[in-house]
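Asks: Structure here, sequence nowhere to be found:
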DNA sequence: TTGTAAGCGTTATCAG
DNA sequence: CTGATAACGCTTACAA
């Protein structure tokens, strides 16, 4: 059995005795006599004809590939999403060119240009730079762009994100309901969309429950393991320690746990802890870690289907914002405060 | 500034007053008068000309994209490798179409066909099915294929793998040197290359050190979390328990740790443990977990560079096998046996 | 319904 | 060294 095939429309035409144009019409769902349809189908199978996307693309200006641009391929949050996206798009015949920009804003731009040069039909991306200019120029040219995870303000663009604000709201709410009054939060960098939202949720739930906020309990770290480690130590060294801490991304959660181990803090007796993102990790630490889980599967599905919609030139609801719900899993790492 | 550009060679020709053929020659490094070179370069920059890979591909039968086919995008071992590969190939102008086959052998075939239909210039893949047929037909057609992680016996193909045999050899050696005599191993499925190799390493080191092997201590699981969980429980329930266990992949390591937590086993007093693959995980469990680390970065670099070599039609050392060294990190999860 | 033919942007051959 | 020109495989008016 031959897998790799090089027969062309021309071959199919010869085989059937019909013209190239007729074959092309058949392939693209045009009107062809039922009789001929059968013959053509037979020929296609016999010759194992596959249309050459390159030649097609030259005419139609479509490459049948979607660019996916991510901050990192070593982050399970992003790769889970991209796995879903790839699966859905592939079913519709689209390939996905995946690039990661190693969390480097310069590289983000370079890779975006690379994708554009590759003439991808659409781009799904997580932007760290928040550069409106380039993205806008794509949208203007009707190249569909779908933003993931982070919003870019002042840009009319389709976007699929988690409900970051309510994610931290609900996590902290669980703590408040368990009588915690001094709750620490380890946030991402200021002026970063996800971090700002998660910070807002923390503040809002305090207001809603009339719990006083101590600004000292809000630590701005930078989403790295090291920063999470330091932030937890800072919180622990406060004169008036928190009785619970929410860490707002995966890397910082790792760091926080390392700090807790080094400081020999007993969870949850001395400190209650809620982490973020990686459910698997939550199962191996002891006691089991409470986690805010983002809906990776849904995010991927929504983004892929929205892309497909735009690709079929349906802009009826443009620009759309999908803000998907997160889920808080409370485990033994959280105790009721005495 | 325009990012998306549609000027063609024709435009450059008009701009410079030269012919299309001359421009093309310049672009492809042919002989052109120095004087004209300058003019052309100027025009290219002024018009921000980028060559259309689709049109080029139609002529040259090259797409400047490499297909990467993986069992899963949710496995940090694979995504780390692919991240490296993508970076290197991208620098040389190659895009990478990444597919995952969700550890499903049927899908593996489907996705491979998909990549072939996309006319990728080369394929880097991890095969679970071990299907020689399709891969051989690619090689016959001079489509470079590079296998990762798993060998396919009886197939002359470039391959980049970790030294699985010595990985487990060295891990068990560390245990033997610490006076462990009854060492359990949780292996992957039989007839799976990596699993078989790791099993062999276990056996060979026992032989080399003259330690008797109890077949009961060799558990064949299937690389999943659940199977790792069960295998550890089985080992623990033996009449003559092992004093140490080596778990031979990431997922099963997770499972083993969960079992250890559920059984309330004290590490390393009651049991010494060595896991596999994920260094980050090792840092958050308590006590810190000893780990066999595979050289992901090297694997990715080697594979990408070998692909580049084949792409430039250098088959001087075909077929090459790169067997890269792993590293054992011994931490507190391993004790010296009394 | 079917066929003819032009053209998408390149590269490659062959004269000049 | 440079320039016409014919492919590459496909889509798409337009004509039959």
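Replies: That came through fine. Fair warning: this is a prediction, and the values are worked out from it, not measured in the lab.
Asks: For the lowest-mean-pLDDT helix or strand in chain A, buried residues please.
Replies: Lowest mean confidence among the helices and strands of chain A (mean pLDDT, DSSP states H and E): helix A:279-284, at a mean of 85. Within helix A:279-284, the residues that qualify as buried are A:280-284, counting by 16 or more other Cβ atoms under 10 Å in any protein chain shown. Backbone N, C-alpha and C define where each C-beta goes, glycine included.
Asks: Next, count neighbours for the closest residue to residue A:135 other than its chain neighbours.
Replies: In space, and not counting its chain neighbours, residue A:135 is closest to residue A:145: 5.6 Å by Cβ to Cβ, 6 or more residues apart in numbering or on different chains. Other residues near residue A:145 come to 25 when the count uses other Cβ atoms under 10 Å in any protein chain shown.
Asks: hang on, residue A:145 packs against residue A:123?
Replies: Yes: if you go by Cβ atoms under 8 Å, residue A:145 and residue A:123 touch, sitting 5.0 Å apart.
Asks: so what's in contact with these two at the same time?
Replies: By Cβ atoms under 8 Å, 6 or more residues apart in numbering or on different chains, residue A:145 and residue A:123 have these common neighbours: residue A:138.
Asks: hmm, back to that, show me which of the buried residues of helix A:279-284 is closest to chain B.
Replies: residue A:284 (4.5 Å; Cβ to the nearest Cβ).
Asks: With residue B:282 as the reference, measure out to that closest one.
Replies: 10 Å (Cβ to Cβ, to the nearest Å).
Asks: cool, residue A:337 as well?
Replies: As judged by Cβ to Cβ, residue A:337 and residue B:282 stand 32 Å apart.
Asks: Distance check, residue A:270 against DNA strand C.
Replies: Using Cβ to the nearest atom of the strand, to the nearest Å, residue A:270 is found at 66 Å from DNA strand C.
Asks: just residue A:12 next, same as before
Replies: Residue A:12 is 11 Å from DNA strand C, where distance means Cβ to the nearest atom of the strand.
Asks: Check that residue and give its pLDDT.
Replies: The per-residue pLDDT reported for residue A:12 equals 93.
Asks: ok, now which ones touch it?
Replies: Residue A:12 makes contacts with A:23, A:40, A:43-44, A:47, A:49, as judged by Cβ under 8 Å, 6+ apart.
Asks: Looking at these, state which has the most neighbours.
Replies: If you rank these by neighbour count (other Cβ under 10 Å), residue A:23 sits at the top with 25 neighbours.
Asks: Can you name the helix or strand that the closest residue to residue A:200 other than its chain neighbours falls in?
Replies: Nearest residue to residue A:200, sequence neighbours excluded (Cβ to Cβ, 6+ apart): residue A:165, at 5.2 Å. Element membership of residue A:165 [criterion: DSSP states H and E] is helix A:164-177.
Asks: Name the residues of that helix that are buried.
Replies: A:164-176.
Asks: Does anything pack onto it? Which helices or strands?
Replies: For helix A:164-177, the elements it packs on are strand A:183-187, helix A:193-208, strand A:244-247, strand A:272-276, strand A:290-293, strand A:327-329, judged by 3 or more Cβ pairs under 8 Å, 6 or more residues apart in numbering or on different chains; DSSP states H and E.
Asks: Please render the ones you listed as TSV that adds mean pLDDT and mean neighbour count to the earlier fields.
Replies: As requested, the helices and strands packed on helix A:164-177 are exported to TSV (pLDDT from 0 to 100; neighbours: other Cβ atoms under 10 Å in any protein chain shown):
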stretch	mean pLDDT	mean neighbour count
strand A:183-187	98	27
helix A:193-208	97	20
strand A:244-247	98	28
strand A:272-276	97	28
strand A:290-293	97	23
strand A:327-329	97	16
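Asks: Check the stretch 201-338 of chain A for the residue nearest DNA strand D and tell me.
Replies: Using Cβ to the nearest atom of the strand, the closest approach of the stretch 201-338 of chain A to DNA strand D is made by residue A:313 at 13.0 Å.
Asks: measure that residue to chain B for me?
Replies: Counting by Cβ to the nearest Cβ, to the nearest Å, the gap from residue A:313 to chain B is 18 Å.
Asks: residue contacts, that residue?
Replies: Here residue A:313 is in contact with no residue (Cβ under 8 Å, 6+ apart).
Asks: just to revisit the earlier point, residue B:151 is nearest to which of the helices and strands packed on helix A:164-177?
Replies: When those are compared by Cβ to Cβ, strand A:290-293 sits nearest residue B:151, at 37.4 Å.
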